[in-house]
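**Q** below: sequence and its predicted model.
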Number of protein chains: 2
Amino acid sequence: MKNKVKITRMELSITQEQLAKKVGATRQTIGLIEKGEYNPSLHLCMTIAKELGKTLDELFWEVE
Amino acid sequence: MKNKVKITRMELSITQEQLAKKVGATRQTIGLIEKGEYNPSLHLCMTIAKELGKTLDELFWEVE
DNA sequence: ATCTGATGTAATATATAAATTTCATATGTT
DNA sequence: AACATATGAAATTTATATATTACATCAGAT
């Protein structure tokens, strides 16, 4: 399950840990989501999307 | 966490059980997601969206 | 009134997301 | 060289999504 979290976070020049703190998750969880081989909850996906200024579709939809 | 799964499913005139079978879930899980007080996995959300002919945003984004 | 299909709901079991802790590694900086 | 920051990764624990089973109600059809 690939996505655009990592590239979007890097565009904003913030670290995994900074994003994690903002969305109430841990750095490890962010790392696993960015890695792609993971199945996060919808709630966490929405929180991350809002924090990164994107929508669900922009981050997670149809990303090979 | 409200969404548009129920209204979209009803527009397609399929039952919870039919949708459940198509997406590899149970009727109860579909019922709970439609009810809104639930936090499904991203993978299940994407499978449901594709089955209903919608995107993630259309079903789950910014639905109060 | 009975039967069937559709849905609501609850209790328990299982699978897995997410947290926690820890260690490794790579890069930059002093 | 030593130190700090950022990330990868693994093991264990905890929380919760999901399945399973079961029983209820309601609508429509017979």
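**A** Received, thanks. Residues are numbered from 1 along each chain as shown, chains lettered A, B, ... in the order given.
**Q** could you pull out the helices for chain A?
**A** A:5-11, A:16-23, A:27-35, A:42-52, A:56-60 (DSSP state H).
**Q** please convert these to TSV, extending it with mean pLDDT and distance to residue B:43.
**A** For glycine as for every other residue, the C-beta is placed from the backbone atoms N, C-alpha and C. Listed next are the helices of chain A as TSV, based on pLDDT from 0 to 100; distance: least, CB to CB, whole Å:
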stretch	mean pLDDT	distance to residue B:43
helix A:5-11	96	15
helix A:16-23	97	19
helix A:27-35	97	12
helix A:42-52	97	10
helix A:56-60	97	10
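**Q** in JSON lines, list those helices along with distance to chain B.
**A** Output for the helices of chain A, formatted as JSON lines (distance: least, CB to the nearest CB, whole Å):
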{"stretch": "helix A:5-11", "distance to chain B": "11"}
{"stretch": "helix A:16-23", "distance to chain B": "14"}
{"stretch": "helix A:27-35", "distance to chain B": "9"}
{"stretch": "helix A:42-52", "distance to chain B": "5"}
{"stretch": "helix A:56-60", "distance to chain B": "4"}
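**Q** which one of those lies closest to residue B:48?
**A** For the helices of chain A, proximity to residue B:48 was assessed by CB to CB; helix A:42-52 is nearest, at 10.5 Å.
**Q** what does chain A put close to DNA strand C?
**A** Contacts of chain A with DNA strand C, taken as CB under 7 Å from any atom of the strand, map to A:24-26, A:28-29, A:33, A:38-41, A:43-44.
**Q** now do whatever residue of chain A ends up closest to DNA strand D: how many residues are near it, please.
**A** Minimum separation of chain A from DNA strand D (CB to the nearest atom of the strand) falls at residue A:15, amounting to 3.1 Å. Neighbours of residue A:15 under the rule other CB atoms under 10 Å in any protein chain shown: 12.
**Q** how far away is it from chain B?
**A** 23 Å (CB to the nearest CB, to the nearest Å).
**Q** on that earlier part again, what would the helices of chain A look like in TSV with mean neighbour count and distance to residue B:6?
**A** Listed next are the helices of chain A as TSV, based on neighbours: other CB atoms under 10 Å in any protein chain shown; distance: least, CB to CB, whole Å:
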stretch	mean neighbour count	distance to residue B:6
helix A:5-11	16	29
helix A:16-23	17	28
helix A:27-35	17	28
helix A:42-52	20	16
helix A:56-60	21	19
